[in-house]
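>>> Kindly generate the corresponding structure for this input.
(chains A and B)
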2 protein chains.
Amino acid sequence: MALMISREMRLISRPVGMPVEGNFALAEVDLGTLAPGAVRVRNRFISTDPYMRGRMLDGPAYASPFPLGAAIPGRAIGTVVDSTAPGFRPGDIVRSMTGWREAFDAKPQELELIDTLGISPHHFIGVAGVPGLSAYAGLTRIAKVQAGDIVFVSAASGAVGAVACQVAKLRGAKVVGSAGGSEKTAYLREIGVDEVIDYKAVPNLGAALAAAAPDGIDVYFDNVGGDHLQAALANARPFARFAICGMISGYNTTGPVPGPANFAQVVGKSIRIEGFLTANHMDLMPQFAADMAGWLKTGAVKSRDTFHDGIETAPTAFISLFTGANFGKPIVRIAELSN
Amino acid sequence: MALMISREMRLISRPVGMPVEGNFALAEVDLGTLAPGAVRVRNRFISTDPYMRGRMLDGPAYASPFPLGAAIPGRAIGTVVDSTAPGFRPGDIVRSMTGWREAFDAKPQELELIDTLGISPHHFIGVAGVPGLSAYAGLTRIAKVQAGDIVFVSAASGAVGAVACQVAKLRGAKVVGSAGGSEKTAYLREIGVDEVIDYKAVPNLGAALAAAAPDGIDVYFDNVGGDHLQAALANARPFARFAICGMISGYNTTGPVPGPANFAQVVGKSIRIEGFLTANHMDLMPQFAADMAGWLKTGAVKSRDTFHDGIETAPTAFISLFTGANFGKPIVRIAELSN
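Numbers count the residues shown, from 1 in each chain, chains lettered A, B, ... in the order given. I've put the predicted structure just below:
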């Protein structure tokens, strides 16, 4: 194996408010010769996720902050191009957490061999990966969705939201989905969402939800927080269950984010609100990935993502998560090596 | 049985913000002759509770609003003075929901016969009644308190809070209690609360809670909302459970109440927040009342309430709930008939 040059995208300053391209810088590293017992991987699909915004802060957010001056960690799907470790061979598809780089060397325990189950490998950082599992775990374990429930999903055309809508439908629920803009709302109709709200086009989200779900909602799957959470509280039925997956509306604010002004409704309506981290539900992953592969192949679940080509596009892809410019999951695609 | 004159306290206007004496008016009614199949009751102890504030509004609060011009409904303990109904005899102790009046006639199904179990009857609208059950159901069913948990209780010297503290201790938890003023905090120490916060005396409630519970809290029993809820979120451990019994800090505001500014912590810490109404947990009452009677008799649980004498003091007693002027539960005591 020849030397290999890999480009990587580093975090060079901590974003204040909305991240900008200047928070990131491209760097080139020479991987050198593969060490004994190691595996060289060429990434093909790199994940950009809202949770990463929290880890760009230097504070007690989700987990330890991303270090400055280093490639941003995160999930990626790649192909083994060389290996001196047992159990890994060139051509194997692997999932890793080493992040925003074209190629890297890893120890076997840093890599997860992926059986692609007959679907495109990029799904394993999308609908059949952690984003999909977030939707599945939140709906089934946290909100305990049941047939006949009225389920409200925010950011419903996003990587997590679109799976939440479709899993809720598969479980026999009626689904109200909110997204911004006509292209996204059209997509929600395409994937079978019963009632669609274009939150950018309605003067009052609470009233729009009341019109879409006149009997109220049993379940809220929250990706957004803010106005959406407040609308969900206002329209909750007694004993409603809220699964809080994320609150992207507040991720780029620089001061405290006011909580919902109608929070006291949790008492009168006996509402249960529960936050969760998908990392605590990984035991569900094998069965979920197998189920999702089947749903994708039969068309029971649809998936639409946005590909950004080249490691240099990673900041743009990431920032699109917060501006609403993305469609589905923004995935950074790295070309396969031609040699 | 002679005619009987009863005085009653009526709601005559809906409070805007803090209730005032002028929202209420005393009236005299002649009960006349007892009808066949009815029971005449002389009230002895009348309950004033924070939830009543919501029902003074003409809106979709907890339940139907209290009508204007009528005696305020609510729990009371009384003595049967006359009966033409089977199953009720003079001297029987009964619990009713007909509210702020000295005496009334009722149908048997409006009355609940109380076995006082060797404790004072007033406890059956207090520690051995719905307020006590609120604490018990919230801690055991909603928050699922366990031995070793660190439990934070707000309004900890109140009718509900003091029981929450003591039940948590009986379950083997460590308890941090918050109350306002030196008399209340001294009482918390007297009933065995491990760490006491005088919220009126600390500059920063979140920092005070962090000092009282340096490893964080597993359970929060919320009677207050507002700053207390925010402090609890800031100091929650992963998988903390919050039982939301009430949010008295917002009951008398006239505009929207800002929710906690750190609400997004529910995601990163996988916090579960659940509101509840004690009305949905009345199945626990018989066993709870029996247990509480035992605890009171052995001294395992202490109770201290404030008595207000005469039906004319009911508004003062009620308003004291919101000004912090009460100690324990404000109970309106009606003198027994001397004839």
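
>>> Going by C-alpha atoms from here, please, whenever you check contacts or count neighbours.
Noted.

>>> Nearest spatial neighbour of A:G206, chain-adjacent residues omitted?
With sequence-adjacent residues excluded and distances taken as C-alpha to C-alpha, 6 or more residues apart in numbering or on different chains, A:G206 is closest to A:A231, at 4.3 Å.

>>> elements contacting the helix or strand harbouring that neighbour?
Element membership for A:A231 (DSSP states H and E) is helix A:226-234. On a contact count with 3 or more C-alpha pairs under 8 Å, 6 or more residues apart in numbering or on different chains; DSSP states H and E, helix A:226-234 meets helix A:205-212, strand A:217-222, helix A:265-268.

>>> when you scan the second one, is anything in it near chain B?
So that's strand A:217-222. No. Counting by C-alpha under 8 Å from any C-alpha of the partner chain, chain B is not contacted by strand A:217-222; separation bottoms out at 10.2 Å.

>>> what pLDDT, on average, does that strand get?
Averaged over strand A:217-222, pLDDT sits at 98.

>>> was I right about the residue nearest to A:G206 contacting A:L205?
Yes. Applying C-alpha atoms under 8 Å as the test, A:A231 and A:L205 come out as touching, 6.2 Å apart.

>>> returning to that earlier point: measure how buried the residue nearest to A:G206 is and give me the count.
Neighbour count for A:A231, taken as other C-alpha atoms under 10 Å in any protein chain shown: 20.

>>> what about it, distance to A:G216?
11 Å (C-alpha to C-alpha, to the nearest Å).

>>> try A:S83
On the measure of C-alpha to C-alpha, A:S83 and A:G216 end up 56 Å apart.

>>> same check, this time on A:N326
The value you get for A:N326 to A:G216, if C-alpha to C-alpha is used, is 30 Å.

>>> Next: A:G299.
From A:G299 across to A:G216, the span is 30 Å (C-alpha to C-alpha).

>>> Out of the helices and strands packed on helix A:226-234, flag the one nearest B:T116.
Of all the helices and strands packed on helix A:226-234, helix A:265-268 sits nearest to B:T116, with 30.2 Å by C-alpha to C-alpha.

>>> Please determine whether that closest one lies in contact with chain B.
Yes. For helix A:265-268 and chain B, the contact criterion (C-alpha under 8 Å from any C-alpha) is met by A:266-268.

>>> Kindly format the C-alpha coordinates of that helix as CSV.
Only the C-alpha atoms of helix A:265-268 are listed here, as CSV (Å, rounded to 0.1, in the frame of the first residue of the first chain):
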residue,chain,number,x,y,z
GLN,A,265,-50.3,22.4,31.4
VAL,A,266,-48.3,19.3,32.3
VAL,A,267,-50.1,19.2,35.6
GLY,A,268,-53.7,19.7,34.4
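
>>> Residues contacting that helix, please?
The contact list for helix A:265-268, computed with C-alpha atoms under 8 Å, 6 or more residues apart in numbering or on different chains, reads A:233-234, A:238, A:271-272, B:61-62, B:244-246, B:274-277.

>>> cutoff 10 Å now
Contact with helix A:265-268 is made by A:230, A:233-236, A:238-240, A:271-273, B:51, B:54, B:60-63, B:243-247, B:273-277, as judged by C-alpha atoms under 10 Å, 6 or more residues apart in numbering or on different chains.

>>> So which residues on the stretch 101-250 of chain A come close to chain B?
Contacts of the stretch 101-250 of chain A with chain B, taken as C-alpha under 10 Å from any C-alpha of the partner chain, map to A:142, A:225-226, A:230, A:238-248, A:250.

>>> ok, and the closest non-adjacent residue to A:V145?
A:L139 (5.7 Å).

>>> Look up phi and psi at the one you found.
A:L139 adopts backbone torsions of phi -70, psi -40, taken as degrees, to the nearest 10.

>>> just to revisit the earlier point, please produce JSON lines containing the residues of helix A:265-268 next to chain B, extended by pLDDT and neighbour count.
As requested, the residues of helix A:265-268 next to chain B are arranged in JSON lines below (pLDDT from 0 to 100; neighbours: other C-alpha atoms under 10 Å in any protein chain shown):
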{"residue": "A:V266", "pLDDT": "95", "neighbour count": "26"}
{"residue": "A:V267", "pLDDT": "93", "neighbour count": "22"}
{"residue": "A:G268", "pLDDT": "89", "neighbour count": "21"}
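
>>> which stretches of the stretch 101-250 of chain A aren't confidently modelled?
Of all residues in the stretch 101-250 of chain A, none has pLDDT under 70.

>>> picking that back up, and the helices and strands packed on helix A:226-234, which is most packed in?
Highest mean neighbour count among these (mean count of other C-alpha atoms under 10 Å in any protein chain shown): strand A:217-222, with a mean of 28.

>>> Between helix A:205-212 and that one, find me the angle.
Interaxial angle, strand A:217-222 versus helix A:205-212 (axes from the mean of the first three to the mean of the last three C-alpha atoms, to 10 degrees): 130 degrees.

>>> and A:L139, what does it touch?
Contacts of A:L139 by C-alpha under 10 Å, 6+ apart are A:133, A:145-146, A:151, A:164-165, A:167-168, A:171, A:219-221, A:241-245.

>>> follow-up on the earlier one: the residue nearest to A:G206 against A:L209, yeah?
Yes. A:A231 lies in contact with A:L209 (C-alpha atoms under 10 Å); the separation is 7.0 Å.

>>> and the closest residue to chain B within chain A, how many neighbours?
Taking C-alpha to the nearest C-alpha as the measure, chain A has A:G259 as its residue closest to chain B, at 3.7 Å. Residues lying near A:G259 (other C-alpha under 10 Å) number 21.

>>> Now the residue lying closest to it once chain neighbours are set aside. Its backbone dihedrals?
Using C-alpha to C-alpha, 6+ apart and skipping the chain neighbours, the partner closest in space to A:G259 is B:G259 (3.7 Å). Main-chain dihedrals, B:G259, degrees, to the nearest 10: phi -70, psi 180.

>>> repeat for A:D149
Main-chain dihedrals, A:D149, degrees, to the nearest 10: phi -70, psi 150.
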